[in-house]
Structure formats: structure tokens, C-alpha cells
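# Below are the sequence and a predicted model; questions follow.
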Amino acid sequence: MRLITTTDMCQLVRQIGLDEFNARLLKNLEEDFSRWEQFQLSPRHATHYPHGVIELMPSADDELYAFKYVNGHPSNPKQGKLCVVAVGMLADVPTGYPLMMCEMTWLTALRTAATTALGARYLARKESHLLAIIGTGAQSEFQVSALAGVCDIHTVRYYDPDAKAMAKFGHNLKGRFPHLTASKSTEEAVEGASLIVTATAAKCHNRILTREMVSPGAHIHALGGDCPGKTELEPALLDHAKIVVEYQSQSQIEGEIQNRPEAAIHAELWEIITGRRPGRESDEELTIFDSVGFALEDYAALRLVNELAKEMGIGQEISLIPDLDDPKDLFGALMRD
Ligand code: NAD
């Protein structure tokens, strides 16, 4: 069984390069969403607390079984801790034996951003040059980096009430984008934007974006609303948009649509990718990807890391499963030297 630590993940991404990693992950995601019906899927198991959530997220086809342990604690950064941390595992379905244990804090940020890029590929206007990102915490730079792989972004506007988070974002992306503009408010950041990402963290029904703020033809990727009682968009905005979700039975509990149960959901993303439902149909329509994070995305990401780690010789073999000459002599192997 291979162990991929945080050090291994850094080595892997730096060695292959962030842009190449993003491209390979996007490809894996698109492949796995395209064969949606081959998977055993279920909404994640979420254990809620007043200050956060702890979740288990499984998904499997006939070859590989993946699951992730992940949290969401919006007030963690005040204690010097990440809002979201995760670990994951990939197992061999024919035997049930684990193949890989993997850090998934970075991998979750990478797969969340790749999912944003996949949504934008089908839902954003072709000439989406102005990206606004609201919330410049841990996920934010990953979002911009992945979107740049599918959209010809000329300008990135960003806003966060935390000046330190704003400065960090500007510093990390300096030189990667020609026009990086710090905005003084969400209104200023999103004015005229064709692509908007909301990546904020607060355990409340927020109204980060209202209908008045958003231009016709914009594509909104709302990823910070991912729990009951934790949303980002004014509900009225949903009434005027083509709404796409990952997995309806999970999204209706956790997504923006929890505030508008009667809202018409246009499609699950896989239906658009496989051509069963149309994506964007005009330059004027408002599209919203109400993303909450789905287990299939973790499957695609773990599958990629497993392939790359083998190719590149990254990670170490660890013993977490007894290796026995006689599989019936579990007791004897424990008691003998
Ligand atoms: P983070 O705590 O590092 O950053 C969140 C940022 O939002 C902070 O900098 C905070 O100042 C800012 N913010 C809070 N209220 C705001 C407001 N009103 N306007 C603008 N900015 C505001 O968190 P993170 O790890 O970057 O995660 C961001 C969000 O994305 C969280 O809610 C997390 O649960 C969610 N998330 C979703 C997915 C998914 O797949 N959909 C995956 C990972 C994380």
C-alpha cells in the first residue's frame, strides 16, 4: 500500500508542474463524469456541529473504491488552522485491498478547482475574459489557476474583507496574470464580470451576490455554500439562472438550492458533459454551477495521483495490512516472532 504524504504531494505537483497537473486532473474528471452510470454513488455522510461539519465521501466503480474524510470549519483560520483538511484512500475492488492512502488537503483544493474549470468549459461564455473571485482564502489561487486553463482570462478582480488574505492572494498570483486587480467590495469586483467564483466561508445564509450585482450572461461558480445553513447567493438570483449541480440528492440538502427548493434544476453536470442536456445556450443567459463538492471528484483525483505516483516513483510502501503466508493463520502471525 502506497502512502502519499503532504511532502510527496508537493513533490508530485512541482515535478509535473501545476498547469500539467491541472490539465491531467481535468481530463480524468471529464472521463469519470462521462461514465457516471458506471459508478455506485451516494450523498456524503455528514456529521454537523454548530461550528462545522465532518464528512465521509465514498464513490466506486467495478475497479476502484475511493473515499475521503474531510471537514469544513469556517472559524478554524482564526485559530491558525485550515478551514478544510482531508485524507483519502483508494482500494482495489476485486480484492477489497487498500492501494493508496493519500493526503487530500491540497488534493481537495486541486480537484475543487478542476471541477470549477470543468463547469466553466460547458457553462461559461466562450469569450470570458474578466474573472471575479470573492473570498481569497485557501482555495482561491487554485481556482484561478485551473480556470486559466479553460478560459482566456485577461483580468482577475478579487475581494475579501480580510486584508491579509487579499495581500496573500495578490502576492501568490503576481506575474501569472497581467491584470490582477484588488477590489474594495464585492460589487466593484463583479461589475461586468463574465465569470464569478464565490469561495467564502461563513456558517450562515449569506448574500455575497445579489441579482442587481450580476451582469447578463455571467457564469457564477458558487462553491462556498456546501452545508445546510451555509449559503452564499441571494435566493432570488436562482430564479433567473440556469442552475447546474453535481448530484441532485446531495445538492438539495447542501447547496444554494436549499434556499429555493422549488427552483428548477436544469441538469446535473454529467448530463451536460454526455450531451443529454444542453450547457450554455446563449450569451445572455445567467448560469450558476451550485457546487458542493462530490465524491466522484475525489475518485478522479485519487485515480490520477495513484497513476502519477507509480509513474514517477513518488510515495512509500507502508504495511497497514498483514502479509501472511497462510491467510487463515491471522492469529499465528500475530503471536509468532
Ligand atoms: P478559507 O477560510 O481559507 O477562506 C474563506 C475566505 O472567505 C476568508 O478569507 C474570508 O475572509 C472570506 N470571506 C468570508 N466572508 C466573506 C464575505 N462576506 N465576502 C468576501 N469574502 C468573505 O476557506 P477555503 O478553504 O478557501 O474554503 C472556502 C469555502 O469553500 C469554504 O466555505 C469551504 O467549505 C468551501 N469549499 C467547497 C468545496 C466544494 O467542493 N464546493 C471544496 C472546498 C472548500
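Ah, there it is.
# Tell me which stretches of the stretch 101-250 of the chain form helices.
For the stretch 101-250 of the chain, applying DSSP state H, counting those that start in this stretch gives helices covering 105-123, 140-147, 163-173, 186-190, 235-238, 248-254.
# Name the stretch from those helices that approaches I273 most closely.
Among the helices of the stretch 101-250 of the chain, the nearest to I273 by Cβ to Cβ is helix 105-123 (6.6 Å). The way it works is simple: take the backbone N, C-alpha and C, and place the C-beta from them, glycine included.
# Any chance of TSV for the helices of the stretch 101-250 of the chain, columns distance to G88?
Formatted as TSV, the helices of the stretch 101-250 of the chain follow (distance: least, Cβ to Cβ, whole Å):
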stretch	distance to G88
helix 105-123	7
helix 140-147	17
helix 163-173	25
helix 186-190	33
helix 235-238	31
helix 248-254	18
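# now those helices in a markdown table, with distance to the ligand?
Converted to a markdown table, these look like this (distance: least, Cβ to the nearest ligand atom, whole Å):
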| stretch | distance to the ligand |
| --- | --- |
| helix 105-123 | 4 |
| helix 140-147 | 6 |
| helix 163-173 | 4 |
| helix 186-190 | 6 |
| helix 235-238 | 15 |
| helix 248-254 | 9 |
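# The most centrally placed residue in the chain: what's it in contact with?
For the chain, the residue nearest the mean C-alpha position is T112 (1.6 Å; Cα atoms, centre = their mean). Contact partners of T112, counting by Cβ atoms under 8 Å, 6 or more residues apart in numbering, are 139, 142-143, 223, 291, 293, 297.
# and the residue in the chain that the ligand sits nearest to, what is it in contact with?
Evaluated by Cβ to the nearest ligand atom, the chain has G137 as its residue closest to the ligand, separated by 1.7 Å. When the contact criterion is Cβ under 8 Å, 6+ apart, the partners of G137 are 77, 83, 160, 162, 165, 199-201.
# Which residues belonging to stretch 115-131 are considered buried?
Taking 16 or more other Cβ atoms under 10 Å as the neighbour-count basis, stretch 115-131 is seen to contain the buried residues 115-125, 128, 130-131.
# any low-confidence regions in this structure?
For the chain, not a single residue meets the criterion pLDDT under 70.
# Those residues of it touching the ligand, which are they?
In this structure, the chain approaches the ligand at residues 72, 77, 83-84, 108, 112, 134-139, 159-162, 165, 186, 199-202, 206, 208, 223-224, 226, 291-293, judged by Cβ under 6 Å from any ligand atom.
# Would you write a PyMOL line that selects the buried entries of those residues?
The command below creates a PyMOL selection of those among the residues of the chain next to the ligand that count as buried (16+ other Cβ under 10 Å):
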select buried, resi 72+77+83+84+108+112+134+135+136+137+138+139+159+160+165+186+199+200+201+206+208+223+224+226+291+292+293
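# hmm, back to that, just the closest of the contacts of G137 to L18, please.
For those, the closest approach to L18 (Cβ to Cβ) belongs to A199, at 17.8 Å.
# Please tell me how far the closest one sits from Y159.
11 Å (Cβ to Cβ, to the nearest Å).
# I figured A301 hits W106, correct?
No. At 10.0 Å, A301 does not count as touching W106 under the criterion of Cβ atoms under 8 Å.
# the more surrounded of the two?
When A301 and W106 are compared on other Cβ atoms under 10 Å, the one with more neighbours turns out to be A301, at 27 against 17.
# how about the more buried one, secondary structure?
A301 falls in the helix class when you classify it by DSSP: H, G, I helix; E, B strand; the rest coil.
# Any idea how far stretch 327-337 is from the middle of the chain?
With Cα atoms, centre = their mean, to the nearest Å as the basis, the distance from the averaged C-alpha position of stretch 327-337 to the chain average is 43 Å.
# so who does L324 touch?
Residues 330, 333 are the ones in contact with L324 under the rule Cβ under 8 Å, 6+ apart.
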